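**Q** Just the structure for this:
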Amino acid sequence: MRDWIFRSTLVLPLLACASLLLVIPKIWIVSPEGMQPAIRISLLDSLQARSLAKQAALLESQARHLTAIAAWNASIANHPFHSVTLRRILHAFPKMDVPQRGHVAKALWHARMLVAAEDSQTADLLLAVQCLLQMGGIIEAGALLEDCGGAMGAEECVMGAALCLLNDRRVPDPWMSGLMHTAADGDPFARWVLAAFQEAYPPGWQSGPRVSYWRCSVDISNERQGLWFLILKPHLDFWVACKGDDMGRFEATFQLLVRQGLVKAWHHILYWRRCLRAGKSEQVLHQMGEMQLHQLLNVPQILACAGIYLELDALDACRTLVASFLEIFPHGSELWLLRGDLALKEEAWFELRQHATRMRMQPLLRHLDGYAYFFEAEGLRQQGRLFAARPLFRAWIDSPVVLPALDRRITRYLRESGFHDLAMMRYRLLEPHYAEDLGFWQEVFDFAHDMGQTRYLETASHRLHVLSPRSAIYANNYAAVLLALREDPSRAIGLTFSLVQQFPTDLTSRINHVHALLQNGRMDDASAVLASMHPVSLPATHRSAFDLALFEFYYRQSRFEDALELADLMRLEVLLPPQQAWGREVIKRLDQRFNLKEPQ
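**A** Numbers count the residues shown, from 1 in each chain. Down below sits the predicted model:
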């Protein structure tokens with residue numbers, strides 16, 4: 001008996017230690033092959049995950065969805081990439097009454113985990129997208145499909161294109177190619193989505209056959225009601241109606257979403273924008289005041305609501321909205337910048353400086369330090385502390401461009417405030433970001449002209465001419481700057497000759513051509529053009545340029561008395577700085593030659 005007790009006392013601890021070695025160590029890899037670092041679980045983790053999954057299923061059967069989702073989350077935390085549990089939680093998420101941003105983020109995380117799991121099925125991607133759509137996360141659904149990349153089939157490409165349409169985003173080329181090819185093969189779902197594009201963006205589909213979206217929607221309903229179609233139809237109907245002019249259909253599609261319980265924050269945002277177009281500002285403001293803030297799921301939706309408030313000139317409501325989400329989204333760069341922009345609009349200088357300090361204290365906003373420097377510098381300047389503001393303005397100038405649109409607005413603000421040197425430097429930094437933007441280069445051209453910066457004027461006029469080579473205005477402007485600099489007359493005469501051939505009666509082209517002929521030494525041709533023009537009948541905007549051309553003609557012909565007589569009538573101050581400098585230098589030489597007093 002004692003031997004048995006002794007042996008049991010010796011063996012049982014050994015068995016306990018051995019069982020612990022099997023249960024506690026994390027030795028089972030559950031992450032997909034190739035994922036680094038690999039995720040391992042223990043037998044204890046697996047047992048706990050099963051227990052939590054059973055508890056979650058019981059809670060779900062009792063319609064306690066929020067508690068059930070918490071249990072599903074705990075189960076997945078113990079056993080990640082368990083496809084059965086992931087599918088169960090994705091089925092459970094849409095059953096919540098009002099999903100909040102944390103739930104949508106969690107659903108996206110689990111959806112990515114399910115799609116990446118080794119035993120993932122084709123239907124899992126559909127389940128994940130369906131879950132996110134029903135929760136109102138159309139941006140998240142699009143992001144999930146983008147993550148799938150080349151693993152998507154033809155039907156998934158069509159779905160991705162439809163989600164881009166709902167998000168008002170550019171469709172990636174592979175998705176659009178898949179949509180076009182699938183529609184060309186006669187697939188009714190693809191033809192329906194393509195019809196939505198044609199209905200929403202008619203200018204982009206001027207060529208080729210066009211099909212009515214609403215007719216196509218009826219046809220596909222009669223022909224085949226696939227799951228993708230059933231999921232998308234109420235949302236796409238509403239979106240297409242929102243883009244159209246039929247207010248009755250738009251209201252009908254929105255009310256259908258309300259009756260089906262499918263209305264989410266992004267539907268409200270589109271609805272409010274459409275109502276603003278219809279002039280229903282008071283209705284929009286009232287409805288926005290009634291919406292609960294937790295329904296906004298992500299930064300783009302918050303920014304969209306803020307934009308509507310700004311359009312309604314409701315600055316207080318906009319400020320309250322943005323301020324309530326700053327701590328929730330510390331990584332939301334646009335939110336922090338918008339808050340500073342609002343303080344700038346309201347001229348709340350002390351608040352602007354406080355906000356700049358808060359921005360620099362956020363570790364996730366280090367890339368926005370340049371904008372924080374600007375906000376603080378402007379606050380100091382408006383409080384009369386220009387000496388302290390100067391180094392901060394310089395720090396902003398030396399910082400990289402993160403958001404070109406905001407930088408452009410700030411640069412305009414500085415330009416209007418009289419900080420022309422700072423504005424000029426920032427415009428230079430913005431050039432790569434707006435290389436193909438005609439409006440930006442026109443803005444730079446106007447600024448350089450106002451500031452008398454002829455070198456920068458040459459850069460802007462050349463870029464405008466390159467972007468719009470058929471524009472006579474841009475070609476004339478570029479030629480005029482080249483002629484003012486007097487460095488490349490051969491290029492200038494190529495431009496002016498082409499212009500006078502196309503527009504023989506245009507005064508600007510003819511005057512520029514005279515300058516080009518003179519600088520290229522073609523005196524006879526210049527004389528003929530000058531003789532064909534009547535100075536008295538010229539408008540004031542052209543007279544100074546004509547007088548300078550005639551003055552140069554007299555000077556080159558050694559008709560110095562006529563040149564001096566004309567010099568007394570010329571208004572050099574309205575010409576470009578190089579033209580002014582050249583004119584004054586020539587007048588000075590003539591005065592010295594004839595021993596006359598130099599004109600002021």
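**Q** Report the backbone C-alpha coordinates of stretch 436-452 in PDB.
**A** Backbone C-alpha positions of stretch 436-452 (Å, rounded to 0.1, in the frame of the first residue of the first chain) are rendered in PDB as follows:
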ATOM      1  CA  GLU A 436      -0.700  69.300 -65.200                       C
ATOM      2  CA  ASP A 437      -3.100  71.700 -63.500                       C
ATOM      3  CA  LEU A 438      -4.000  74.600 -65.800                       C
ATOM      4  CA  GLY A 439      -5.700  76.600 -63.100                       C
ATOM      5  CA  PHE A 440      -2.600  76.400 -60.800                       C
ATOM      6  CA  TRP A 441      -0.300  77.700 -63.500                       C
ATOM      7  CA  GLN A 442      -2.800  80.500 -64.400                       C
ATOM      8  CA  GLU A 443      -2.700  81.400 -60.700                       C
ATOM      9  CA  VAL A 444       1.100  81.400 -60.700                       C
ATOM     10  CA  PHE A 445       1.100  83.500 -63.900                       C
ATOM     11  CA  ASP A 446      -1.200  86.200 -62.400                       C
ATOM     12  CA  PHE A 447       0.900  86.300 -59.200                       C
ATOM     13  CA  ALA A 448       4.200  86.500 -61.000                       C
ATOM     14  CA  HIS A 449       2.800  89.300 -63.300                       C
ATOM     15  CA  ASP A 450       1.500  91.300 -60.300                       C
ATOM     16  CA  MET A 451       4.900  90.900 -58.500                       C
ATOM     17  CA  GLY A 452       6.900  91.700 -61.700                       C
END
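**Q** Quick check: buried residues in that stretch?
**A** Residues of stretch 436-452 classed as buried under the neighbour-count rule (16 or more other CB atoms under 10 Å) are 437, 440, 441, 442, 443, 444, 445, 447, 448, 449, 451. Bear in mind the C-beta positions are built from the backbone N, C-alpha and C, glycine included.
**Q** residues touching the fifth one, list them.
**A** To tie it back to what came earlier, the one meant is residue 443. residue 412 (CB atoms under 8 Å, 6 or more residues apart in numbering).
**Q** now the helix or strand encompassing it, how far from the chain's geometric center?
**A** Mapping residue 443 onto the secondary structure by DSSP states H and E places it in helix 438-451. From the chain centre to the centre of helix 438-451 is a distance of 22 Å (CA atoms, centre = their mean, to the nearest Å).
**Q** what's the answer for stretch 313-325, then?
**A** On CA atoms, centre = their mean, the centre of stretch 313-325 falls 21 Å from the chain's centre.
**Q** Give me the mean pLDDT for it.
**A** Throughout stretch 313-325, pLDDT has a mean value of 88.
**Q** What are the contacting residues of that stretch?
**A** Looking at stretch 313-325 with CB under 8 Å, 6+ apart, the contacting residues turn out to be 285, 288-289, 293, 296, 299, 302, 305-306, 309-310, 332, 335, 338-339, 342, 345-346.
**Q** Equivalent analysis for stretch 536-547, please.
**A** For stretch 536-547, contacts defined as CB under 8 Å, 6+ apart pick out 480, 507-508, 511-512, 514-515, 533, 535, 566, 569-572, 574-575.
**Q** Buried residues, that stretch. List them.
**A** Neighbour counts over stretch 536-547 (16+ other CB under 10 Å) mark 538, 543, 544, 545, 546, 547 as buried.
**Q** do stretch 470-485 as well
**A** With the criterion 16+ other CB under 10 Å, stretch 470-485 contains buried residues 474, 475, 476, 477, 478, 479, 480, 481, 482, 483, 484, 485.
**Q** Also stretch 137-146?
**A** By neighbour count, and taking 16+ other CB under 10 Å as the criterion, the buried residues in stretch 137-146 are 137, 138, 139, 140, 141, 142, 143, 144, 145.
**Q** Contacts only, for the third one.
**A** This means residue 139. Residue 139 makes contact with 167, 297, 298, 300 under the criterion CB under 8 Å, 6+ apart.
**Q** Which of those fall within helices?
**A** Using DSSP state H to define helices, the subset of the contacts of residue 139 located there is residue 300.
**Q** As a check, name the ranges of all helices in the stretch 1-150 of the chain.
**A** 2-23, 43-61, 65-78, 83-92, 101-116, 122-134, 138-148 (DSSP state H, counting those that start in this stretch).
**Q** all strands of this structure, in order?
**A** The residue ranges that make up the strands of the chain, judged by DSSP state E, are 28-29, 40-41.
**Q** Let me know which of those strands is tucked in deepest.
**A** Burial of the strands of the chain is given as mean neighbour count (mean count of other CB atoms under 10 Å); strand 40-41 ranks first at a mean of 16.
**Q** picking that back up, kindly report which one of the strands of the chain carries the lowest mean pLDDT.
**A** For those, the stretch scoring lowest in mean pLDDT is strand 28-29; its value is a mean of 70.
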